[in-house]
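# Quick one: sequence and predicted model below, then my questions.
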Amino acid sequence: MRIDQFLKKTLLLKQRGVAKELCDKRYIKINGRYTKPSKHICAGDIIEIETMKGVKQYEVLVVPSGNIKKDERHRYYEEKSAGRG
């Protein structure tokens, strides 16, 4: 699954367009490297999202195969740490 789709489906970001824009502006990394919105993710990947409050890290636990329920979104990632950017 593409990173922009994953971020939208798991509600880490509310819109896929926002995910694409953040990737293009180099605010999102996968495993320590800046990424394009089309990059495919796997279980075990570490996603870093730079925000105004610092850097948020998430580990991908499972890649969803389709739509997911809002209350089940936390099964797919685990927040690792919050740091300063």
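Nice, I can see it.
# so where's this protein shaky on pLDDT?
Residue ranges of the chain with pLDDT under 70: 81-85.
# The closest residue to residue 36 other than its chain neighbours: which element?
Spatially, and ignoring its direct neighbours in sequence, residue 36 is nearest to residue 23 (5.8 Å; CB to CB, 6 or more residues apart in numbering). (Each C-beta comes from the backbone N, C-alpha and C, glycine too.) Per DSSP states H and E: residue 23 is located in helix 16-24.
# After that helix, which helix or strand is next? Please name it.
Downstream of helix 16-24, the first helix or strand assigned by DSSP H and E is strand 28-30.
# and the helix or strand just after that next one, how far out from the chain's middle?
On the C-terminal side of strand 28-30, the nearest following helix or strand under DSSP H and E is strand 33-34. Averaging C-alpha positions (CA atoms, centre = their mean, to the nearest Å) puts strand 33-34 12 Å from its chain's average.
# Of all the residues in the helix or strand following strand 33-34, which ones are buried?
Later in the chain than strand 33-34, the nearest helix or strand by DSSP H and E is strand 46-51. Buried residues in strand 46-51, defined by neighbour count with 16 or more other CB atoms under 10 Å: 47-50.
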